[in-house]
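Trainee: Quick one, fold the following:
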Amino acid sequence: MKVRTVPYNQKHQSSYNPSTSIKNQKMRKYYQAALALTAAVSLVALLFYRHEYNKLRFVLQVFNYFGTPQKNSLNCTNNIQVTNTYHQAASTSWQRLSEDFYIYSAYSYDEGEIKAIGFGKHSSSNNYYCRVLFDDQLEYVQGKFLVQKIDENRQDLNNDDLINNDDDQEYSGYLFTCKYEKLPDKDVVGMQVVDDKLKNYDSIPIIQVQTLYNNFNSNKTGTIICVAPPESKPLKHIDMISFLAFHDYVGWDNFIVYDYGIPFVFNEAVRKMSLFSNVQWNFTYSAVPWNFPYAQISRRVIRNLIEADCLYRTFSRASFAVTLAWDEYVNLKYHTSVEHVLSDLNKVNGKIDDKFRLNAVVFCTDYADSDSVNSPTPVILRTTRRLRNVDKDEPLFIYKRDHISSNDITQQEMDELMIINRYKKCNTNDRRQIVNGVLRFAESMPSTQIFQYYITGRLFSHN
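Mentor: I've put the predicted structure just below:
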């Protein structure tokens, strides 16, 4: 039997399907098109990524050179608002204009007018004029320079009595006014105070000017305490913490501290407190330099200078402002907070006065039950002796902050509702001294959040 053999090529040629070959060719083209599209998309994505990367790199370079922007602390509701933007202001420090003439800060409130806080001799202030610098401008605008003495016996800023030039050797605090012609659509950013005999302006410092706005809103702070230096320096940490904790307890929890040389570790620890705490309250703390250039100047003059600056610095940022030293405490007689006192006065009088006068009683720290400088007990918890009479020669004032100043400021004495406890060395054996009880609410102070943060060691544990 013969078997017929079929050539190999013929056998496979008989199974060849032309339609299948065409379909395979089309699929390959689709694959190639898909790959080309994927490559194009990847290239576009790469270019976009490179563009965004270059933008981010540029931003980081800007931050590295100029510093990162401040965060909006108004959105930080879970922490202490230590650097609350309400308290941020132009950088201030005492700048020397001549041998006996210094300026600390400057503010623009009314258009065409700058107010500056200064200190010096009577005669030194009469030989000057001012030059005003506007934003992004190279040319100055010359202005008229006026001088008013911050009177030691009056606490408002509307003292129309010009300085008395008969006593040229007397040093005083001054409120300077620079009146100028405003440029349209330009904000004031700086000012120079120039001696009329000086021809070279390059060596004259430019004083930063902070512009104040009428931004009254329901979210502004209740009361701001501007903290002046104490009579005896330095202070122990525990007494400074007690001051903050006690006034936070009675409702005054916003502090602007005039830094006379407070240790950096303390300011930084308080500033960073919110970073390591989950507590919720409205405590704020900021510090401004107070490099006062003179020694042996009376406490009252220093207070008046700080108070004058405080009234401008806190304008429209708080409902009320008060200037206290680190060794002064508000003592409420019946109420649990200062706001309750003012609220009750508002109900009785139908309005809130422009300012409230607070007299002081002096407590002698050199007659405390424990006068050791190493005593761990805060001064307000020690049994001290106080002078019998109320000190009305150096009153304090709570100011309403809905205006800068007024000629018809009303004031109401508050002795029946609250008074200031002033702790100082008396250096006297005057028999008028009487034994006092501790400050009201002082015994509650150690349980406050601020004091607990300090006493448990957390305040300085991250420095």
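
Trainee: quick check, distance from stretch 24-37 to the centre of its chain.
Mentor: Here stretch 24-37 shows a centroid-to-chain-centroid distance of 67 Å under the convention CA atoms, centre = their mean, to the nearest Å.

Trainee: Stretch 99-109 too?
Mentor: Taking mean C-alpha positions (CA atoms, centre = their mean), stretch 99-109 and its chain are 19 Å apart.

Trainee: where are the low-confidence patches of the stretch 1-150 of the chain?
Mentor: Across the stretch 1-150 of the chain, the ranges flagged by pLDDT under 70 are 1-23, 55, 57-91, 122-126.

Trainee: Spell out the residue ranges of the strands in it.
Mentor: Remark: strands assigned in the stretch 1-150 of the chain by DSSP state E, counting those that start in this stretch are 95-98, 101-108, 113-121, 128-134, 141-149.

Trainee: go on, the stretch 201-350 of the chain?
Mentor: Under DSSP E, counting those that start in this stretch, the stretch 201-350 of the chain gives strands at 207-211, 221-228, 254-259, 284-289, 318-325, 328-332.

Trainee: check contacts around residue 422.
Mentor: If you count contacts by CB atoms under 8 Å, 6 or more residues apart in numbering, residue 422 has them with 325, 327, 328, 360, 361, 362, 363, 391. Yep, even glycine has a C-beta here, placed from its N, CA and C like the rest.

Trainee: Next up, phi/psi of it, please.
Mentor: Phi and psi for residue 422, reported as degrees, to the nearest 10, are phi -110, psi 120.

Trainee: which residues sit in contact with the closest residue to it other than its chain neighbours?
Mentor: Of all residues not flanking residue 422 in the chain, residue 360 sits nearest, at 4.5 Å (CB to CB, 6 or more residues apart in numbering). Counting by CB under 8 Å, 6+ apart, residue 360 makes contact with 328, 390, 391, 394, 395, 396, 419, 420, 421, 422.

Trainee: Now render the residues you listed as TSV, adding pLDDT, secondary structure and distance to residue 244.
Mentor: What follows is the contacts of residue 360, written out as TSV (pLDDT from 0 to 100; DSSP: H, G, I helix; E, B strand; the rest coil; distance: CB to CB, whole Å):
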residue	pLDDT	secondary structure	distance to residue 244
328	93	strand	13
390	79	coil	26
391	75	strand	24
394	81	strand	23
395	84	strand	23
396	87	strand	18
419	88	strand	20
420	90	strand	17
421	90	strand	16
422	91	strand	17
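
Trainee: closest to residue 142 among those residues?
Mentor: residue 396 (39.1 Å; CB to CB).

Trainee: returning to that earlier point: closest to residue 439 among the contacts of residue 422?
Mentor: Of all the contacts of residue 422, residue 439 sits closest to residue 363, with 8.6 Å by CB to CB.

Trainee: tell me which element that closest one falls in.
Mentor: Residue 363 is located in strand 355-364, with elements delineated by DSSP states H and E.

Trainee: Specify the local secondary structure of the closest residue to residue 114 other than its chain neighbours.
Mentor: Spatial nearest neighbour of residue 114, chain neighbours left out: residue 178 (4.2 Å); criterion: CB to CB, 6+ apart. Reduced to three states with DSSP: H, G, I helix; E, B strand; the rest coil, the structure at residue 178 is strand.

Trainee: Now for residue 178: which residues touch it?
Mentor: Residues in contact with residue 178 (CB under 8 Å, 6+ apart) are 106, 113, 114, 116, 130, 132, 143, 144, 145, 146, 191, 193.

Trainee: Run through the helices of the protein in chain order.
Mentor: 8-13, 18-66, 237-249, 264-271, 299-313, 338-349, 449-455 (DSSP state H).

Trainee: quick one, which of those helices is nearest to residue 183?
Mentor: Shortest separation from residue 183 across those is recorded for helix 299-313, at 22.4 Å, computed as CB to CB.

Trainee: which non-adjacent residue is nearest residue 418?
Mentor: Nearest residue to residue 418, sequence neighbours excluded (CB to CB, 6+ apart): residue 332, at 4.9 Å.

Trainee: Kindly state the beta-bridge partners for residue 192.
Mentor: Counting by DSSP bridges, residue 192 is bridged to residue 131.

Trainee: Isn't it up against residue 201?
Mentor: Yes: at 6.8 Å, residue 192 counts as touching residue 201 under the criterion of CB atoms under 8 Å.

Trainee: Mutual contacts of those two, please.
Mentor: Common neighbours of residue 192 and residue 201 (CB under 8 Å, 6+ apart) are residue 131.

Trainee: Quick check on these two: which one has the bigger neighbour count.
Mentor: Taking other CB atoms under 10 Å, residue 192 and residue 201 do not tie; residue 192 has more neighbours (20 against 11).

Trainee: The more buried one and residue 184, how far apart?
Mentor: Separation of residue 192 from residue 184 (CB to CB, to the nearest Å): 22 Å.

Trainee: And residue 134, how close does it get to residue 181?
Mentor: As judged by CB to CB, residue 134 and residue 181 stand 11 Å apart.

Trainee: intersection of neighbour lists for those two?
Mentor: residue 141.

Trainee: Neighbour count: the two, which is higher?
Mentor: Comparing residue 134 with residue 181 by neighbour count (other CB under 10 Å), the higher total belongs to residue 134, at 19 against 10.

Trainee: Contact partners for that one?
Mentor: 141, 183, 186, 187, 188, 189.

Trainee: please redo it, this time with the cut-off set to 10 Å
Mentor: Residues in contact with residue 134 (CB atoms under 10 Å, 6 or more residues apart in numbering) are 140, 141, 180, 182, 183, 185, 186, 187, 188, 189, 190, 209.

Trainee: which of the residues you listed count as buried?
Mentor: 140, 141, 180, 182, 188, 189, 190, 209 (16 or more other CB atoms under 10 Å).

Trainee: roughly how far apart are the fourth one and residue 392?
Mentor: Look at residue 182 and residue 392: by CB to CB, they are 43 Å apart.

Trainee: repeat for residue 251
Mentor: With distances taken as CB to CB, residue 251 is found 25 Å from residue 392.

Trainee: Counting neighbours, go ahead and name the busier of those two.
Mentor: When neighbours are counted by other CB under 10 Å, residue 251 comes out ahead of the other of residue 251 and residue 392, with 18 against 11.

Trainee: what's the distance between the residue nearest to that one when sequence neighbours are not counted and residue 257?
Mentor: The shortest distance from residue 251 to any non-neighbouring residue, by CB to CB, 6+ apart, is to residue 337 (3.5 Å). Distance, residue 337 to residue 257, using CB to CB: 22 Å.

Trainee: So for the two, which sits in the more crowded spot?
Mentor: Taking neighbours as other CB under 10 Å, residue 337 and residue 257 compare with residue 257 leading, 22 against 16.

Trainee: How about the contacts made by the more buried one?
Mentor: Residue 257 is in contact with 225-229, 240, 244, 266-267, 270, 285-288, 290, 326, counting by CB under 10 Å, 6+ apart.

Trainee: mind redoing it with 6 Å?
Mentor: When contacts are counted by CB atoms under 6 Å, 6 or more residues apart in numbering, residue 257 touches 227, 287.

Trainee: gap between the two ends of stretch 323-336?
Mentor: End-to-end distance of stretch 323-336 (CA to CA, to the nearest Å): 20 Å.
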